[in-house]
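Novice: sharing a model that was predicted from the sequence below.
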6 protein chains.
Amino acid sequence: MLRLTPPEYHTIENTSSFQANYGGGEANVAISLARFGHQAYFVSRLPDNQLGDSAIRYLKGYNVNTKYVDRGGTNIGIYFLEVGFGGRNSKVLYNRKYAAITSIKEDYFDFDEIFKESKWFHFSGITLALGDKVRNVLYKMLEYAHKHNVTVSFDCNYRKTLWSVEEAKEHYLKVLPYVDVLFASKFDAVKLFDVKTSSEDLGEVDEREVFKKLIDKSKVAKIFGTKRKIYTATDNELSAYCYTKDKCFTTEPTRFNIYDRIGGGDAFAAGIINCMIKYPNDIDYTLEFGLATSVLKHTLWGDAFMLSERDVKNYMKNNIASVNR
Amino acid sequence: MLRLTPPEYHTIENTSSFQANYGGGEANVAISLARFGHQAYFVSRLPDNQLGDSAIRYLKGYNVNTKYVDRGGTNIGIYFLEVGFGGRNSKVLYNRKYAAITSIKEDYFDFDEIFKESKWFHFSGITLALGDKVRNVLYKMLEYAHKHNVTVSFDCNYRKTLWSVEEAKEHYLKVLPYVDVLFASKFDAVKLFDVKTSSEDLGEVDEREVFKKLIDKSKVAKIFGTKRKIYTATDNELSAYCYTKDKCFTTEPTRFNIYDRIGGGDAFAAGIINCMIKYPNDIDYTLEFGLATSVLKHTLWGDAFMLSERDVKNYMKNNIASVNR
Amino acid sequence: MLRLTPPEYHTIENTSSFQANYGGGEANVAISLARFGHQAYFVSRLPDNQLGDSAIRYLKGYNVNTKYVDRGGTNIGIYFLEVGFGGRNSKVLYNRKYAAITSIKEDYFDFDEIFKESKWFHFSGITLALGDKVRNVLYKMLEYAHKHNVTVSFDCNYRKTLWSVEEAKEHYLKVLPYVDVLFASKFDAVKLFDVKTSSEDLGEVDEREVFKKLIDKSKVAKIFGTKRKIYTATDNELSAYCYTKDKCFTTEPTRFNIYDRIGGGDAFAAGIINCMIKYPNDIDYTLEFGLATSVLKHTLWGDAFMLSERDVKNYMKNNIASVNR
Amino acid sequence: MLRLTPPEYHTIENTSSFQANYGGGEANVAISLARFGHQAYFVSRLPDNQLGDSAIRYLKGYNVNTKYVDRGGTNIGIYFLEVGFGGRNSKVLYNRKYAAITSIKEDYFDFDEIFKESKWFHFSGITLALGDKVRNVLYKMLEYAHKHNVTVSFDCNYRKTLWSVEEAKEHYLKVLPYVDVLFASKFDAVKLFDVKTSSEDLGEVDEREVFKKLIDKSKVAKIFGTKRKIYTATDNELSAYCYTKDKCFTTEPTRFNIYDRIGGGDAFAAGIINCMIKYPNDIDYTLEFGLATSVLKHTLWGDAFMLSERDVKNYMKNNIASVNR
Amino acid sequence: MLRLTPPEYHTIENTSSFQANYGGGEANVAISLARFGHQAYFVSRLPDNQLGDSAIRYLKGYNVNTKYVDRGGTNIGIYFLEVGFGGRNSKVLYNRKYAAITSIKEDYFDFDEIFKESKWFHFSGITLALGDKVRNVLYKMLEYAHKHNVTVSFDCNYRKTLWSVEEAKEHYLKVLPYVDVLFASKFDAVKLFDVKTSSEDLGEVDEREVFKKLIDKSKVAKIFGTKRKIYTATDNELSAYCYTKDKCFTTEPTRFNIYDRIGGGDAFAAGIINCMIKYPNDIDYTLEFGLATSVLKHTLWGDAFMLSERDVKNYMKNNIASVNR
Amino acid sequence: MLRLTPPEYHTIENTSSFQANYGGGEANVAISLARFGHQAYFVSRLPDNQLGDSAIRYLKGYNVNTKYVDRGGTNIGIYFLEVGFGGRNSKVLYNRKYAAITSIKEDYFDFDEIFKESKWFHFSGITLALGDKVRNVLYKMLEYAHKHNVTVSFDCNYRKTLWSVEEAKEHYLKVLPYVDVLFASKFDAVKLFDVKTSSEDLGEVDEREVFKKLIDKSKVAKIFGTKRKIYTATDNELSAYCYTKDKCFTTEPTRFNIYDRIGGGDAFAAGIINCMIKYPNDIDYTLEFGLATSVLKHTLWGDAFMLSERDVKNYMKNNIASVNR
């Protein structure tokens, strides 16, 4: 997607220009994984015009392989981001209806070729919301991932402006059986994956119990997530958790300044996936790394985390910001 | 529409920001007429979000009355303009499918209220191409314009990227009976209004004869237009013509520098309409004024002519550019 | 007035450009009230050149009716704002002497027409300081407001760079008898409205007593104000109060980040006036709303509060800044 | 003066920022002469605030000695420049009334100190128009220049927006007896210096005769000037002339592109003065050099010529623009 | 190399920012060939820091394969470009001494791997000037190109600021025996390749004869070049020529506007190489295509030609610039 | 040095432009001292091109005398600054190898002339690291400073990216005998000046004892320094200390926001030197003033402190940031 942001905390109504960058959940994760040294591929559809070319160029520049990007359709997905400040909220305006991806066709792709050498497949709940054509391709991909023993991770990312819980539930439940690693909140477990709870009131429900039930009723091995406390638009606190069949891992909360909040969740997912591939047995480190990746993303302009693994490790060591010189 | 333009002659692929302004044929004409001192109203539909609000604010700031703008729909029409330089073409990428206006509804408007005090109604062939809902509203407006004896002007503005000649013809012929003042080329007359010619080759056809036939078969009283000679993207020449039932008026060609070509035709229409209202009997002056308005528009950033009548007259007098101080 | 601000916290000495916007106490209040859905009129005088035109366009775009703005004079009032950061103060340089408004003439205005349909008249102490011609028009307006039973609010806004307490006092006392709603501090009450106190030391004086005396000796029904605690140039705390004949209402202090401090007081006044018109009996809500409007203004570039009533209510409900998407 | 210019050929009405630079006739000449290696002093008055400081810093950075600049007053002279394009005029809006210089006082300066080591004194007709206080200081300076045998040059620079010919004439005649080198047009000679002509119609009057009469009735030794032919706002042609008691020197016309026209006359004056000091006997070279300096100024942003003597000579040799690498 | 350019025709002395892009002869050619659909590789050395990373990202984004770029050294080559306007020259300041490439080592590269699948090897005379280490790698590459029957093209690009004709000659002569396609002027042939002429005066020497001699004494099959006529910094004329053993091909001169002149020669080379690979027998078309590519490059910001083959063909067909919409 | 900074907290990899300013330890101190009213001279070497000219102009504009700046060499020292945000570090990339200053020659300077009227000579450890030629000039200057009884201050500023402790030590010890006022940390004292300590672990070593030993073994009269606590990249705390032969002075820590951290240490040195010259006996005030100067520098863009003594005093009095108007 093309993101258009008024410069210098201006509002959409008062700006005379927009800064342009490209983003989107899976693309952000792909870029971050490429930065961490993985071979990342992006599967999608982009219009066959200069805006599509720019998005391709952006991904290629960051080492993401784009050979599985179909080209066609007239509109690129656009969103306008009004960056909040202090007590003023950020606002997002979507202009994504009828974007090229919504007319993606499964015939275009050779799924065996895509998955035969792959290790990991990641997708998000936003993509799931983009209509039947997108979902058909997605279901095919989940089947082929399964066929080729590729690990599947799913970031729930439910957006109420895209569809209602009722509409979404059917599709969240449909993909669940394929998922090995899940990024989810208690809300997602109960409302989208239909985990039964003792109380109607989500606040009273025990997270531990909910996630255990979800793991029990699926092949999900690990559920990751973060909890955010918002002081102001530019001052938040995050902690991370991981639930497995029989354990619960958590980090201390860390408070930090925000320069650009978009993509914080994608950076967390990328940090987690990176460590699960490189250090599969160290969940504590994985959580700390995922959290640090997310925190650092919040300090960077643009949707994707664009620093290196060394930068994340530095931050984990110092937790402070001196001048490197 | 929202226009997004890479700054400093950058290409769409190489820009990291876009300058934003609002435009669109009828809006441009409305603004220019308001600058010339007329009370101008804009009838359309814009999304009920901050981008729609900005467009409204833009129009209001320039004295255009927006009380007949319905609000709703999710997308605003967007186009990306890559400004050409020298031998390099300007390029336009449309992201206008499913824009709010395409779901406009006739019930929203009280056409008697709109037309009962009006003098002039202007519309363009681009609007005609935006689908059945838009056309239904348009046809209603033409009927009410007729009922209230409002002069109707139509700028053909045929765009081949929006529809084929075959698709367009039906609708151009349908609006023709309502039109008093037409902005058209020989191509428009022959291909869209079905004027019969002696030769298949448009180049050989006599313009005079074609326009005479078109006037004869309709209630059109005057046909205006310009002829452009392109030296480079920033160096063009324009002349203007007006055909009436029995006469043909033309101007000398004038060569000029271009800063922003978009809206040159709308400025011409606005200049012509202004003079036809103020000095209805002086076609020579009207043509010169329309041409000067168009030339000056080419020197201004943005889609609309935003100088005053005094500036146009100054230019007509001097034809040169000294410093006013 | 035209405000010229170096971008990116640069100093006036080190900038190579200035961002331009229009502002001024009453104009800011008018815009905010228009945003809240009221019909707002601006009465003033602006030079008859492009800078005056721009100011008019700015006001019109925000729905402020400018038909009572006289045009003439050569200079527009200008101020240069150097935006402070952390421990570094903001600085304001005025270039407003001999601005167009200082030669405003009462003959130009038809005061009966202005006031006969009005509900509310608001003015500020800065305007009061702009010389005899401005004051003559102001006194006339107060008389006509009285004649037509229009509520009058006055924001003291005493500026020591414009005149001394001694010079100001005479005029503050002169307008007092017309005022229904007053925006004032203890300092204003004692120094400008001559309220007698038991102690020479303002710090020791009881605010409650002072405001009571002021209400007793005038027709003022309500006195509003805010108290500010400054941590840094970008980190302040505000609370609000309202005194009536027999009661005192206050809010909790709220701490917030600042992006642009100018116009915070005008936003407070606009928030208060909005609620006094819409919910005249709910002073607690009025105070909370006024305070929230002011806090949100501090997060917006430019002099005027330019969000909607819904944004204010959202902020009052959450007091935090999540992403709207 | 502070010059504020909308970027990218925007109009004053449509800009959201202004580029800032400092200028003014004598300051421009001083900077150019400093670039040519001369010790240049600037005598004036600037406000004692950050805007005045910036102007000082600007001059000092370019090697102009500012020890004779008094500080005081509240307003800095400001002008807004709307840069024309093609057929669209440049426009200048002055906000200079009551600028600091208009309250300059002769007591502040030690004129003997200023002139005792000086070789050349240059002033312009714009300064002459700034009121009695400025003129009093100017007349003093002319007396002391005379006393210390300093060459005096005067650039007529009559501006009809500052005063009428009738008002100006008295003062132009009053300074004439002190002038050695005059920058003037036929218009200046006839209208401001009262040279009698055979015909009422300036166009018919012989320039040669007029300048001869002017030289005869004064101590002026040389009259310099340029003639401009305007094709568009960015495409002009200039030639230069010099009249002495018995000779007339002229250059070929040269056509050139314009990036910023302001200061073209000041650059011409600086180029002439430079050569008259360095090569007093070579009027042909002097004229060519002055013309080349002026042409190159037109290609530079800002009011002053800021290249070196080597750049001027390069241009004179090649008259073309290759890449120096 | 990193190119730093003051925006908006500012001079290096007067700018407060620089626009950044990456360039360099061979990189520009590689990007253009990638745009034309060829698989292009870039062989060089870049510092192992973020500036090197950016250059890599830039190349990758444009589809240039960077696997043969060694990383190391501390400095990136930098040049400052002051863009000329009208009669004012462009200026280039090099900060390239000790750039990473100057310490390139031949051991790093596996030349058999590089050349075994290659079709074409292109290098320029600037690279030849960068010192012994660079030349050693270059000579190795020429040997391996020869061994693998790869066509070799050489763009003379002699720069007098890098070395004298005397220093350069030795190395130009040393690479000549490897070259199949040469980009050269008469000056290059005579001064660098030591072609003997009848006259001392280059102007009098017959180009045809000189190039014939050069072809006769080497294995060069084709010599390409352009001739430039400079009207102003932004208005030039180019024609192209090609000499073979027995024929001479030339184009008409074409006059055009310039937005950024840097890289015009590299675009010509890329256009020629593209056609020699795709249409090896059509020298006339090759010349026209090379010339059009170069002309269009002059209209684009940045060092490399970044349009498509379709854009070049469009330009060749129309030679004018209408709006594509 | 030329500093190039990506705007708006962008990374070096993601920026498309750099903001340019000039800096460098001694230059920063010189500018700040000039702002405080001292006559400051800068002794160095800059390339004889437009970048060198710009640096000169920058210094001159701020009243620093540049007559002792030699001109020559091709490269200007450049550093790229990536400004950190929140938890993300600032990063500095040096491109300073072979900068003009590294080929400075002692013959160029007349040291007697430089020092005969001087009061104070300040230099930093960064300069000491720039190679033998720089050090030779420096040692000469220290001798002449001694000869003319000029106070010498030295800011240790050890940078591990320039040299190792082992390499540096020799030279730090060599300059020590000339130093009267030292800016140093415990680390500097122990590692660079070889002060013996009871423990190997620096953390356990008593600062007081270390500095006492250093003072005892040299002619240093006062050792100044600051201690920084880093919360985030934009939120730090500083306190200052001064050790004399028998006393230790310290300030309270002050916490503050950071806009640009570079030059904070130079501002501290300038503040201290200013007070030691003006109020030599008031160490407490000197420390508070130095600290305040440093804190305010952190709120200013660019390397040098560019406010006035009045601004520092204001800050010391209020410690808060209201609007000056």
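Specialist: Thanks, I have it.
Novice: quick check: the gap between the residue of the stretch 201-325 of chain A found nearest chain D and chain C.
Specialist: Residue of the stretch 201-325 of chain A nearest chain D, by CB to the nearest CB: residue A:301 (21.1 Å). Using the backbone N, CA and C atoms, a C-beta is placed for each residue, glycine as well. As judged by CB to the nearest CB, to the nearest Å, residue A:301 and chain C stand 14 Å apart.
Novice: what number of residues lie near the closest residue to that residue other than its chain neighbours?
Specialist: Leaving aside its chain neighbours, residue A:301 sits nearest to residue A:260 (5.1 Å; criterion: CB to CB, 6 or more residues apart in numbering or on different chains). Using other CB atoms under 10 Å in any protein chain shown, residue A:260 is surrounded by 21 other residues.
Novice: for the residue of the stretch 201-325 of chain A closest to chain D, which residues are in contact?
Specialist: Contact analysis of residue A:301 by CB atoms under 8 Å, 6 or more residues apart in numbering or on different chains lists A:21, A:259, A:260, F:8, F:9, F:10, F:14.
Novice: now residue A:295: closest residue in space, sequence neighbours ignored.
Specialist: residue A:256 (4.9 Å).
Novice: swap that for residue A:218, please
Specialist: residue A:176 (5.3 Å).
Novice: residue A:101 touches residue A:135, doesn't it?
Specialist: No - counting by CB atoms under 8 Å, residue A:101 does not reach residue A:135; the two are 11.4 Å apart.
Novice: those two: which is more packed in?
Specialist: Just comparing residue A:101 and residue A:135: by other CB under 10 Å the higher neighbour count belongs to residue A:101, 25 against 17.
Novice: can you name the residues bridging to the closest residue in space to that one that isn't next to it in sequence?
Specialist: Leaving aside its chain neighbours, residue A:101 sits nearest to residue A:45 (4.8 Å; criterion: CB to CB, 6+ apart). Beta-bridge partners recorded for residue A:45 (DSSP bridges): residue A:70.
Novice: give the contact list for residue A:45.
Specialist: Going by CB under 8 Å, 6+ apart, residue A:45 touches A:69, A:70, A:71, A:72, A:73, A:100, A:101, A:103, A:104, A:108.
Novice: burial measure for residue A:83, as a count.
Specialist: Residue A:83 has 25 neighbours, counted by other CB under 10 Å.
Novice: same question, residue A:87
Specialist: 22.
Novice: and it, its phi and psi?
Specialist: phi -80, psi 0 (degrees, to the nearest 10).
Novice: from memory it sits against residue A:232, does it?
Specialist: Yes - when contacts are counted by CB under 8 Å, residue A:87 is listed as touching residue A:232 (6.2 Å).
Novice: what's the nearest residue to residue A:252 if we skip its chain neighbours?
Specialist: Nearest residue to residue A:252, sequence neighbours excluded (CB to CB, 6+ apart): residue A:239, at 6.5 Å.
Novice: cool, residue A:63 as well?
Specialist: Among residues not flanking residue A:63 along the chain, residue A:34 sits closest, at 4.0 Å (CB to CB, 6+ apart).
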